[in-house]
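Peer 1: Mind folding the following:
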Amino acid sequence: PSGITHGLEPTQIVVFDAGSSGTRVHIFDCYESATFSLPVIDLSVRSSQTLKVKPGLSSFARKQDLDGTDSSMRELLEFVDRFVPRKRRRRTPLLLFATAGLRAVSSVEAEAVLNVVRKVFTKSEYMFVSGWARIIPGKEEGGLSWVAANYLAKTFEVKHAESSSGSVGVIELGGGSIQVTAQVESVRKIDENDRFEFHIPGGKSYQVYAHSYMNYGQDYVQRTLIDSGKYGSAGVPEPDRAAPKGDPCYPLGYSRPWTLRACKANPILKVSCDGAAALNAPPVLGLGNYQDCLAMTSQFLRDSPSGPGKYIGEPPLRGHFIAIENFFYVRHDMHAPMDATSAARNAAGEKACKTAIPAGSKAATDASKAKACYALAYQSSLLEALKATEAENVEVKIVHQLNNADVDWALGAAIAQFLDQKHSIVVSDSETELVGLSQTKFLSNVALFAQGFAFIMVILFLYCFVIRGYFFGGIKHTMSSPALAGFGDPSDEKLA
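Peer 2: Residues are numbered from 1 along each chain as shown. You can find the predicted model right below:
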């Protein structure tokens, strides 16, 4: 890669992204920059040095499948071995960060699988500290995505970019949660739980608003709406129907049985909602009405006291943002434009909702495969709730990559780890528990110790050779020296 000091070997950093559907490992090759504090990362090898295995750790945790966890981690480490030479492994860190999937299981179940991960990593040839395998809070996940986005956008290379609009904000829509991150002015007060700070050694410090809206991810809200019981059924007589006869968020040709929760929540069906009654009730049919779906998803957000647009600590969004993850994937799958303007969002949503599902296809009965209509409506409602629209002078671009590289938090984690190692002494658990001691602070402490030691030695020297000699006879011999004859007080002779 360009910009590196010639001849240097890379510092390799291994990041495991333990998501809900699987665990993906990234091996990053990082080089010292010849001109800047941040590393130069070889992004040309990133796709070849990445592997995902399924299922995710949350699946192992729910089943308490510890053997499966062990096998999964060993498979990923065997892949890592192919790219990290044996001579480098003792100084190559392993980081495993789990996100929304493992946050959703009990702490006992989560710790059980994490302990298996720690045992496997500790026994490996790599550098590892127990705290490097953990569930990261949402603000850290969002903050690291912000670091990755601005690294790729080369924001950090621009000097004196002091305004909050000088960086790129990130709206990351996952399956279980949504993360919103944006640089804010240092004078703005942010709740400690939402503040993410990033400091470039010898450069600028950034204060970032990073909030994770748990249970507002695309898949979680889809299930919540299906279970809400707000949809009627084609078999319920019109006067008694509590809602439209079908679900506007799915195209014509789609149908599904009532879930038990939806059956109990519906005022018409709840009187006989045992499992059989729910399954035997007339199915919920897709209506494919984008405007009605948009109204429903918008109402869902308005009814949520701490959701996007309603959270009390949410600052107004300003400047440039990228919308990633599901914003991109849904449009990519349906070949829609990556355009976040209101007109483009509505046009894509109308098309998805009006495209009927062929009879006999999997999407006809599987909400996860017929989600485009719902997803585009929900995404539009999200951006409107966050006021991240052109009407609010906020520019949003839907992307998967910046400068031909994927934007995800794993890249941000590698950058942060590189800086930490560069300015820290980090030793693995198998050797010493000394972790994260700043090298500058360490050297400063050594210098202070040396100065103190030298001072003590001077005092001892003065005591032993001057004061002690003066009072215990050493002066007599000194005064007899011809070179110092006549030096001293005549009264010294009486002391002799």
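
Peer 1: mind listing the helices for the stretch 151-300 of the chain?
Peer 2: Along the stretch 151-300 of the chain, the segments classed as helices by DSSP state H, counting those that start in this stretch run 218-226, 260-265, 275-280, 290-302.

Peer 1: got the CA coordinates for the second one in PDB?
Peer 2: I take that to be helix 260-265. Taking C-alpha atoms only, helix 260-265 is exported to PDB below (Å, rounded to 0.1, in the frame of the first residue of the first chain):
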ATOM      1  CA  LEU A 260     -50.300 -16.900  19.000                       C
ATOM      2  CA  ARG A 261     -49.300 -13.500  20.200                       C
ATOM      3  CA  ALA A 262     -51.100 -11.700  17.400                       C
ATOM      4  CA  CYS A 263     -54.200 -13.800  18.000                       C
ATOM      5  CA  LYS A 264     -54.200 -12.800  21.700                       C
ATOM      6  CA  ALA A 265     -53.600  -9.200  20.900                       C
END
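
Peer 1: Sketch out the low-pLDDT regions of the stretch 201-350 of the chain for me.
Peer 2: Under the criterion pLDDT under 70, the flagged ranges of the stretch 201-350 of the chain are 232-244, 267-272, 274-280.

Peer 1: For the stretch 1-150 of the chain, which segments are assigned as helices?
Peer 2: 57-63, 66-81, 100-103, 107-122, 138-152.

Peer 1: could you check the angle helix 107-122 makes with the second one?
Peer 2: Using axes from the mean of the first three to the mean of the last three Cα atoms, to 10 degrees, the interaxial angle of helix 66-81 with respect to helix 107-122 works out to 40 degrees.

Peer 1: Pull the distance from helix 66-81 to the chain's centre.
Peer 2: Mean-position distance between helix 66-81 and its chain equals 22 Å (Cα atoms, centre = their mean, to the nearest Å).

Peer 1: do the same with the last one
Peer 2: Between the centre of helix 138-152 and the centre of its host chain there is 6 Å, according to Cα atoms, centre = their mean.

Peer 1: State the mean pLDDT of it.
Peer 2: Averaged across helix 138-152, pLDDT comes to 96.

Peer 1: Which strands or helices does it pack on?
Peer 2: In terms of contacts (3 or more Cβ pairs under 8 Å, 6 or more residues apart in numbering; DSSP states H and E), helix 138-152 is packed against strand 168-173, strand 177-183, strand 195-199, strand 205-214, strand 401-402, helix 409-422. For every residue, glycine as well, the C-beta is placed using N, CA and C.

Peer 1: sorry, back to before: pick the most deeply packed of the helices of the stretch 1-150 of the chain.
Peer 2: helix 138-152 (a mean of 26; mean count of other Cβ atoms under 10 Å).

Peer 1: lowest-confidence stretch among the helices of the stretch 1-150 of the chain?
Peer 2: helix 100-103 (a mean of 89).

Peer 1: and that one, what does it pack onto?
Peer 2: So helix 100-103, by 3+ Cβ pairs under 8 Å, 6+ apart, packs with helix 57-63, helix 107-122.

Peer 1: Other residues contacting that helix?
Peer 2: 18-21, 56-58, 61, 110, 113-114, 135, 138, 174-177, 214, 217 (Cβ atoms under 8 Å, 6 or more residues apart in numbering).

Peer 1: give the contact list for the residue lying closest to G68 once chain neighbours are set aside.
Peer 2: Using Cβ to Cβ, 6 or more residues apart in numbering and skipping residues adjacent in sequence, the residue nearest G68 is F60, 5.0 Å away. Listed by Cβ under 8 Å, 6+ apart, the contact set of F60 reads L66, G68, T69, S72, V113.

Peer 1: Make a markdown table out of those and add distance to N404.
Peer 2: Conversion of these to a markdown table gives the following (distance: Cβ to Cβ, whole Å):
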| residue | distance to N404 |
| --- | --- |
| L66 | 40 |
| G68 | 36 |
| T69 | 35 |
| S72 | 30 |
| V113 | 35 |
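
Peer 1: just those residues now: which is nearest A104?
Peer 2: Nearest to A104 out of those is V113 (Cβ to Cβ; 13.2 Å).

Peer 1: Just confirm that closest one contacts L57, I think it does.
Peer 2: Yes. In this structure, V113 is within contact of L57 by Cβ atoms under 8 Å, at 5.2 Å.

Peer 1: okay, and the common contacts of the two?
Peer 2: Contacts common to V113 and L57, judged by Cβ under 8 Å, 6+ apart, are T69, L102.

Peer 1: quick one on the thing from earlier: in JSON lines, list the helices of the stretch 1-150 of the chain along with distance to C353.
Peer 2: Output for those, formatted as JSON lines (distance: least, Cβ to Cβ, whole Å):
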{"stretch": "helix 57-63", "distance to C353": "32"}
{"stretch": "helix 66-81", "distance to C353": "39"}
{"stretch": "helix 100-103", "distance to C353": "27"}
{"stretch": "helix 107-122", "distance to C353": "38"}
{"stretch": "helix 138-152", "distance to C353": "30"}
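
Peer 1: The helices and strands packed on helix 138-152: which one's closest to N266?
Peer 2: strand 205-214 (26.4 Å).

Peer 1: Who does D339 form a beta bridge with?
Peer 2: K397 (DSSP bridges).

Peer 1: Just confirm it contacts I398, I think it does.
Peer 2: Yes. Contact criterion Cβ under 8 Å: D339 and I398 qualify, at 7.0 Å.

Peer 1: quick one on the thing from earlier: could I get the helices of the stretch 151-300 of the chain in JSON lines, plus columns for distance to C373?
Peer 2: Shown next, in JSON lines, are the helices of the stretch 151-300 of the chain (distance: least, Cβ to Cβ, whole Å):
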{"stretch": "helix 218-226", "distance to C373": "11"}
{"stretch": "helix 260-265", "distance to C373": "18"}
{"stretch": "helix 275-280", "distance to C373": "24"}
{"stretch": "helix 290-302", "distance to C373": "6"}
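
Peer 1: Let's have these in JSON lines, adding distance to Y126 and mean neighbour count.
Peer 2: Formatted as JSON lines, those follow (distance: least, Cβ to Cβ, whole Å; neighbours: other Cβ atoms under 10 Å):
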{"stretch": "helix 218-226", "distance to Y126": "33", "mean neighbour count": "19"}
{"stretch": "helix 260-265", "distance to Y126": "45", "mean neighbour count": "18"}
{"stretch": "helix 275-280", "distance to Y126": "49", "mean neighbour count": "13"}
{"stretch": "helix 290-302", "distance to Y126": "44", "mean neighbour count": "19"}
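
Peer 1: what ranges do the helices span in the stretch 301-450 of the chain?
Peer 2: 326-333, 342-354, 372-385, 409-422, 439-462.

Peer 1: which of those has the lowest average pLDDT?
Peer 2: Looking at these, the bottom one is helix 439-462 with a mean of 53.

Peer 1: So the residue lying closest to V45 once chain neighbours are set aside versus L386, what's the distance?
Peer 2: Excluding the flanking residues, the one nearest V45 by Cβ to Cβ, 6+ apart is D29, at 6.2 Å. As judged by Cβ to Cβ, to the nearest Å, D29 and L386 stand 36 Å apart.

Peer 1: Ok, G360 next?
Peer 2: From G360 to L386 the distance is 39 Å (Cβ to Cβ).

Peer 1: now do V40
Peer 2: Distance from V40 to L386, by Cβ to Cβ: 34 Å.

Peer 1: Give me the more crowded residue out of these two.
Peer 2: L386 (24 against 20; other Cβ atoms under 10 Å).

Peer 1: From V396, how far off is that one?
Peer 2: Taking Cβ to Cβ, one finds L386 at 9 Å from V396.

Peer 1: looking at it, G286 is touching A370, isn't it?
Peer 2: Yes. In this structure G286 lies within contact range of A370 using Cβ under 8 Å: 7.2 Å.
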